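Engineer: model the following, please.
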Amino acid sequence: MAETITFFVDKLSNLVVQEASLFGGVEGQISLLRNELEWISLFLEEASATHTDDRRLKLWMNQIRDAAYDAEDVIDEFIVRLEHQRQRRLQNLKFLRVVLPTCVIFADKLPLIHELDGRMKEINVKIEKILANKSRYCVEYAMMPSGAWSSSSPNEVVTWGEKRLPIVEEADVVGMKNEAEAVKKMLMNLSKKKKKKKKKMLKINGRGVVAIVGMGGLGKTTLAKKVYNDPDVNGHFQCRALVYVSQEYTIRELLMGIANKDFMTALRQEGETEDIRNMGENQLGKKVCEYLEKRRYLIVLDDVWSIQVWNGLRLYLPESNGSRVLITTRNQQIALDAYATPYRLRPLGDKESWELFLKKTFPTGSRSTISQVECPAELEDVGKKITGKCDGLPLAIVVSGGLLSRKEKTKSSWEKILNSMEWHLSQGPESCMGILALSYRDLPYFLKSCFLYCGVFPEDCEIKASKLIRMWVAEGFVQARGEETVEEDVGEDYLEELIHRSMIQVVKRKWDGRVKSCRMHDLLRDLAISKAKDSKFFEVRGNIFAYPFNPRRLIAHDSQNISQHLSNCHRLRSLICSIHIPQVNFWSCLRSAKLLTVLDLTLTVDPDRERPEMILPKEIGEFIHLKYFRFSVPDKTRFPWSIGRLINLETLDLRDNSYLDIPFSIWELHQLRHLYLGFRPILRMPKRDQRCFSSHLGIDKMTNLQTLYVEQHGWVILVRRGLPKLTQLRKLYIYGPNTRSNSSYELIFPSNLVELILDGCRLKQDPMLTLGKLPNLRALKLINNAYIGMKITCSSGAFSRLEFLRLKFLDDLKELIVEESALPYLKTLQIYWCYEMEKLLHQLQKLKSLQQVKLEYMNDSLIEEIKNTKGEEFDKIRLITSIHQQQGMRAIVMI
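Structural biologist: Here you go, the predicted model:
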């Protein structure tokens, strides 16, 4: 609640400072509202830290929130109407706009200003009455003093750049060694355990099914992932796939999950060119079946809620020799119906619970043993009482430990947590949910909205960290710390803090240790959705919409009838939906939501139907408050010229689109920070002036751009000269061949570039001579024949800051040469599918900072060189090298 008011207060402050001329005589009313809300937000911060369920306090807080929402809507509607008025004036009076006096333009907006002034006075009077009710009905006394709760400010979050102890990841959960070994044996030696009465359940040479069964929060997913990533399992099965199922699924989506990178690589090697993303369920299922029947496979289906999942998938899972399917589920009946061998996961014992609690409460590094973790004697008794409240549930223990890791290590502080746990557990039978609610309440106010927002993603969804953070920024949840930081960096700190508190789980990390993707446990997601609904933060809807229905944020995954309800959503700020098209009047119904800030649309179509070009309506340019726009559709899509009116847009993500027709007005989006352009984009020039590509409307005006994904063909010609002027650009991804010039690589890169990916560019000249001079480059990836020469040379002194280098699918590459003093800080080298490369070991000797080498599907002679060359200096290299060879898809790990 407090975070909602605080974000709006910040917005009002910026409006008063930056747009004083816009609001004219209304500035006083806006300042009055801002000052009042500043005091209210301080009160709400204290109120939100209490654990009272007093109905008076909740009612009062809800009324304040609604009044703040009303004020925000009124101001933003005023800005929209003013912009529409300006557009009409430009269209109707173009021939006069040069000579129109300022007084005439101001007179045009006078009626709007008078209306805004009246609305703001009404809201201020309303807030005064609500504040009077606080004393009249003794709302203050409903608040209980609490010293156990966080009062952190946004600036007190530990930043990524500061030194912090590594946190315990999922793989480090204690007490699962025996369980993992048991499940491994069931997967790898299932036939040896066969008994006559289980003949129907187990198959010696066919496909066997194992099910991990247990209640929510018990660690089923953690155990399944631990087994899945085990080197022995990795070596036993020729191909593997881990698929999150949950309650919302389609069989086609699950098949896409099985079609992972190994599947795609195999299709490529076999000459398959058809894009599987455009295949229907039957066609895709046939491809998956053909791929799997040649191999011994392991498929993990995590979080299965219905036997229909298995009934729908088993048709496409062949009876391959020794293949296995591992299911995790809360329902033992599903295991029985799937003829699976069940493994019943039990709660942790007292000893294991205490070990896990210590690891989370006193983190000393992921490699430390439990004997190195100590609890002060005066805290041990209360600590074991806290652990006892968790009933052996790993999730509850991990979250409780994460909470206490941020508290003072004093008996009084821990006793307050224990008392609060007892209060929460007394409110209902769901003990785990009570503990999770306690950790949510302990979050600083500025993290609560960030946590709740994670609930907008589908259950068990792997969430891209960059996407999540950019949506936070667009929503206004993240504020820069001074002039030296950007919101995205602060957002990363927020995410790390939620991970440290065990409210979010890491799935993957990037080359530099930052989070690449994360996920939310389904119980924590349930908590987020419950809290969001209670505070009207967002609404999650399926195919049934209840009335009255006018949400602020609407989440509608796979909704079939959303269009007819959008026309009533005048206050809608965020729309995140996945729908099947065509839906009647979808875009016309969306027009009423003119205050949209976040728009994330995934449109799916029937692959078997003829699909005409999709033309977005010109009215999309009316969403002038839009900051985040992601649009995904498999058809060719044509964007209108009005997209250039989205003057506040910060993220435009079109990378999942097959064909794009984009107007030249895209270069008018000067606030863009992240631009992702999909496959084969066509830049549409204005008819009146085909020469304007050299004008001021070029990419060189996008000085806020931090991320750029662009295809080389056609587009590079336009961006080539503008790139050096993008002084904020950190990441650049260029894909596709340069058909206009094969003699040299003509791009001039900005010196501030941190990460560069070249994909399929088919360069004939060694790009390292140019790229090695970039002073801030820390990560470089050359993939899919980005370079088609036979030799790459890192010259002396080149790549002075590079830490990560990946070479993948460079079919003609035979040699990597590292000259003295080149790559002085390279930590990670990855080389995949470079068959022609025969020697490497002596070059690795020159890389003094190297910490990890990963080789996959390389020439046998190169592998033999690394494995068998004698010498102490080569032994050191072998210690940091992991090899994954094609034969039998067997992983040989030498770490």
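
Engineer: what secondary structure does Val507 sit in?
Structural biologist: Under DSSP: H, G, I helix; E, B strand; the rest coil, Val507 falls in the strand class.

Engineer: I figured it hits Lys464, correct?
Structural biologist: No. Judged on CB atoms under 8 Å, Val507 makes no contact with Lys464 at a distance of 9.7 Å. C-betas here are computed from N, CA, C, even on glycine.

Engineer: spit out the residues that contact those two alike.
Structural biologist: 516-517 (CB atoms under 8 Å, 6 or more residues apart in numbering).

Engineer: so what pLDDT did Arg740 get?
Structural biologist: pLDDT, Arg740: 56.

Engineer: give me the distance between the residue most central in space within the chain and Arg552.
Structural biologist: By CA atoms, centre = their mean, the chain has its centre lying nearest to Lys464, at 2.2 Å. The gap separating Lys464 from Arg552 is 24 Å, by CB to CB, to the nearest Å.

Engineer: ok, Tyr735 next?
Structural biologist: From Tyr735 to Arg552 the distance is 38 Å (CB to CB).

Engineer: His557 in helix, strand or coil?
Structural biologist: Look at His557: counting by three-state DSSP, its state is strand.

Engineer: so it sits right up against Glu248, yeah?
Structural biologist: Yes. The pair His557 and Glu248 passes the contact test of CB under 8 Å, sitting 5.9 Å apart.

Engineer: which one of the two has more residues nearby?
Structural biologist: Ranked by neighbour count (other CB atoms under 10 Å), His557 and Glu248 place His557 first, with 18 against 15.

Engineer: and the pLDDT at that one?
Structural biologist: His557 is assigned a predicted lDDT (pLDDT) of 76.

Engineer: contact partners for it?
Structural biologist: Contacts of His557 by CB under 8 Å, 6+ apart are 248, 458, 540, 542, 577-578.

Engineer: who's it bridged to?
Structural biologist: Here His557 sits in beta bridges with Ser578, going by DSSP bridges.

Engineer: show me the shaky parts of the stretch 601-750 of the chain.
Structural biologist: 606-612, 679-681, 683-698, 713-721, 738-747 (pLDDT under 70).

Engineer: joint contacts of His557 and Glu248?
Structural biologist: Residues touching both His557 and Glu248 by CB under 8 Å, 6+ apart: Pro458.

Engineer: still on that earlier bit, I figured the residue nearest to the centre of the chain hits Ser517, correct?
Structural biologist: Yes. Here Lys464 reaches Ser517: they are 5.6 Å apart, a contact under CB under 8 Å.

Engineer: drop anything exposed from the contacts of His557.
Structural biologist: Taking 16 or more other CB atoms under 10 Å as the criterion, what is buried in the contacts of His557 is 458, 540, 577-578.

Engineer: turn those into a markdown table, including pLDDT and distance to Phe78.
Structural biologist: Formatted as a markdown table, these follow (pLDDT from 0 to 100; distance: CB to CB, whole Å):
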| residue | pLDDT | distance to Phe78 |
| --- | --- | --- |
| Pro458 | 87 | 36 |
| Val540 | 78 | 30 |
| Cys577 | 86 | 28 |
| Ser578 | 82 | 33 |
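
Engineer: what about the closest residue to Glu873 other than its chain neighbours, how many residues nearby?
Structural biologist: In this structure, Glu873 finds its nearest non-sequential neighbour in Gln845, 6.1 Å apart by CB to CB, 6 or more residues apart in numbering. Neighbourhood size, Gln845 [other CB under 10 Å]: 14.

Engineer: next, Leu298: phi, psi?
Structural biologist: The phi/psi pair for Leu298 (degrees, to the nearest 10) reads phi -130, psi 120.

Engineer: report how many residues lie close to it.
Structural biologist: 24.

Engineer: so which elements touch the one helix or strand Tyr343 maps to?
Structural biologist: Per DSSP states H and E: Tyr343 is located in strand 341-344. The contact analysis (3 or more CB pairs under 8 Å, 6 or more residues apart in numbering; DSSP states H and E) places strand 341-344 against helix 177-188, strand 208-213, helix 332-337.

Engineer: pairing partners for that strand, with directions?
Structural biologist: By DSSP bridges, strand 341-344 pairs with strand 208-213 (parallel).

Engineer: re the thing from before, just the closest of the buried ones among the contacts of His557 to Gln671, please.
Structural biologist: Cys577 (24.5 Å; CB to CB).

Engineer: how much space between the closest one and Ala528?
Structural biologist: Distance of Cys577 to Ala528, computed by CB to CB: 18 Å.

Engineer: nice, that's everything, thank you.
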